[in-house]
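Trainee: based on what follows, work out the 3D shape:
(one chain, ligands or ions: 1)
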Amino acid sequence: MRTIDWRHDRIVAIDQTRLPHELVLMEIDTVEGLVDAVKRLVIRGAPALGAAGALGVALAARLGPGDPAMVATAAAAIRTARPTAVNLAWGVDRALARLPEGSEAVVAEALAVLEEDVACNRALSARGASWLTERVGAPLAVQTHCNAGSLACVEWGTALGVVRALHDRGALAHVYAAETRPLLQGARLTVWELAQMGVPHTLVVDSAAATVLARGLATAVVVGADRITANGDVINKVGTYPLALAAAQAGVPMVVAAPESTIDLSTPTGNDVEIEVRGGDEIVRWGGGEVAPAGTGTLNFAFDVTPAALVTAIVTERRVIEPATGGRPDSTVTGQ
Ligand SMILES: CSC[C@H]1O[C@H](OP(=O)(O)O)[C@H](O)[C@@H]1O
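Mentor: A predicted model of the protein is given here:
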């Protein structure tokens with residue numbers, strides 16, 4: 001089953017807010033419904049957002065054939081539903097570019113985005129598994145953060161795609177999954193996917209991941225990305241930056257698995273990226289109750305910036321870039 005797909009002129013997506021206890025498919029047949037699904041993280045994860053962006057424009061083009069102004073307005077609303085993951089705007093722009101050819105061309109481009117995502121993820125997963133096996137040695141124990149699995153993509157996954165490839169090769173011993181406060185994508189989604197894959201795994205609180213690395217329980221960190229800037233800075237779920245610091249201190253490679261569509265060469269550094277700040281309720285409320293006194297002030301960064309110097313390798317479907325040793329996405333230099 002794909003995380004997001006196109007069926008009978010509407011978008012069909014797994015409602016990730018219902019996992020791990022309920023597997024529910026949501027049918028989306030309006031632009032407003034898609035924007036809401038992106039904002040509420042029904043659909044989430046950079047590659048999945050890229051697919052959502054492209055399919056959203058296809059939906060608008062089908063709803064308003066011959067009304068480019070309406071489609072452009074819809075595209076703008078989708079594009080800005082979440083600011084940090086570059087793939088959302090990238091997917092919108094991919095589909096919108098075909099509008100002058102008519103709605104069928106827009107739908108065809110959106111469907112191409114979906115198929116490319118699957119192919120890219122399989123390719124980068126194999127590349128990442130080979131790089132890790134050569135550099136670290138098998139069997140590996142991997143520390144993950146958030147969810148960069150098939151649920152964050154159309155299918156297969158990026159960071160968990162690498163985990164899947166290692167597992168299929170018999171080169172994976174264990175995965176330590178950080179729960180990823182406040183929305184618990186690790187505890188709810190990554191653990192669910194690892195169980196589906198039959199991968200041995202252990203759930204840890206975010207603040208324990210550094211100890212997992214310091215004690216040598218994990219031999220590599222593998223995460224996804226929401227945006228990679230021209231200099232190799234990596235924007236990913238909040239908590240990735242401290243994990244990279246802990247990995248550097250422990251001498252453990254910090255590996256980022258992402259498709260080339262997540263690399264944004266138009267943005268020079270991570271300081272130039274808008275970091276989504278979400279509502280405080282996600283922090284102070286959980287399980288239907290308040291975990292902090294009423295009126296507590298919050299600062300809910302959804303992402304953080306990991307400087308290129310802390311990134312051992314960025315693995316895409318085309319290449320491995322090693323920013324920590326001088327590799328840059330915007331040059332042919334890939335590192336040592
Ligand atoms: C494969 S990209 C997954 C990426 O997206 C997540 O953010 P969110 O759950 O808020 O969409 C997180 O940063 C993951 O690493």
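Trainee: did I read that right, Arg94 in a strand?
Mentor: No: counting by DSSP: H, G, I helix; E, B strand; the rest coil, Arg94 is not found in a strand; it is helix.
Trainee: can you pull the contacts of the closest residue to Gly157 other than its chain neighbours?
Mentor: Once flanking residues are discounted, Gly157 sits nearest to Gly149: 3.9 Å by C-beta to C-beta, 6 or more residues apart in numbering. For the C-beta atoms, the positions are set from N, CA and C on the backbone; glycine is no exception. Taking C-beta atoms under 8 Å, 6 or more residues apart in numbering, we find Gly149 in contact with 157-161, 189-190, 193.
Trainee: identify the farthest-apart pair in those residues.
Mentor: Gly161 and Leu189 (14.1 Å; C-beta to C-beta).
Trainee: what about those two, which has more around it?
Mentor: Each of Gly161 and Leu189 has its neighbours counted (other C-beta atoms under 10 Å); Gly161 has more, 30 against 27.
Trainee: show residues contacting the helix or strand bottoming out on mean pLDDT in the chain.
Mentor: Taking mean pLDDT, DSSP states H and E as the measure, the chain has strand 285-286 as its least confident helix or strand, at a mean of 80. Residues outside strand 285-286 that contact it (C-beta under 8 Å, 6+ apart): 182, 291.
Trainee: one more time with 7 Å, if that's ok
Mentor: Strand 285-286 is contacted from outside by Val291, using C-beta atoms under 7 Å, 6 or more residues apart in numbering.
Trainee: please compute how far it lies from its chain's middle.
Mentor: Remark: strand 285-286 is offset 24 Å from the chain centroid, using C-alpha atoms, centre = their mean, to the nearest Å.
Trainee: helices or strands next to the next helix or strand after that strand in the packing?
Mentor: Note on strand 285-286: by DSSP states H and E, the next helix or strand toward the C-terminus is strand 289-290. Contacting strand 289-290 under the criterion 3 or more C-beta pairs under 7 Å, 6 or more residues apart in numbering; DSSP states H and E is no other helix or strand.
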